[in-house]
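Asks: Provided below are the primary sequence and the corresponding predicted coordinates.
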Amino acid sequence: MRKHTKIYLDWVKSQGLLHHEIICEVCEAKAVDIAHIIPRSKFGSRRKEEQDNIKNLMALCRNCHYAYDFENKWTKEEMQEIHDRNL
C-alpha cells in the first residue's frame, strides 16, 4: 500500500468510518483512488512531508480523478475547497 493511501485510510478510520465506505469527494460515487490535490512533484525535497498531509489527499472515483488530472475540469483551488468541506 502506498504511503499516502495508508495515511488517508488511517484518517478515515479515525473518523469512525470503514474503508469500504469511502466515496468520491466530488460526485459521491465509490472512491477507488486517493489523489494528491497538489502533485507530489510540486513539493521538492525540502517539503516532502507536506505532500502526503491529509489536507492534500482526497478520495476520488476513477472518472473524477481522470477529469482532474488530464482534463483540467477543476482547478487546485476548487478541489481544495471541495476537500476542505469534506474534512
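Replies: Nice, thanks for sending it over.
Asks: Pretty sure V12 sits against H19.
Replies: Yes. Proximity of V12 to H19 meets the contact threshold set by Cβ atoms under 8 Å, at 6.2 Å. No exception for glycine: its C-beta is placed from N, CA and C like everyone else's.
Asks: Between those two, which is the more surrounded one?
Replies: Taking other Cβ atoms under 10 Å, V12 and H19 do not tie; V12 has more neighbours (18 against 11).
Asks: export the one helix or strand the more buried one maps to as CSV, just CAs?
Replies: Using DSSP states H and E, the element containing V12 is helix 3-14. Taking C-alpha atoms only, helix 3-14 is exported to CSV below (Å, rounded to 0.1, in the frame of the first residue of the first chain):
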residue,chain,number,x,y,z
LYS,A,3,2.2,5.8,1.9
HIS,A,4,-0.5,8.4,1.0
THR,A,5,-3.2,5.8,0.8
LYS,A,6,-2.3,4.5,4.2
ILE,A,7,-2.4,8.0,5.6
TYR,A,8,-5.8,8.6,4.2
LEU,A,9,-7.2,5.2,5.3
ASP,A,10,-5.8,5.9,8.8
TRP,A,11,-7.6,9.2,8.8
VAL,A,12,-10.9,7.5,7.6
LYS,A,13,-10.6,5.0,10.5
SER,A,14,-10.0,7.8,13.0
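Asks: Point to the helix or strand of this protein where mean pLDDT is at its lowest.
Replies: The weakest-scoring helix or strand in the chain, judged by mean pLDDT, DSSP states H and E, is helix 48-51 (a mean of 83).
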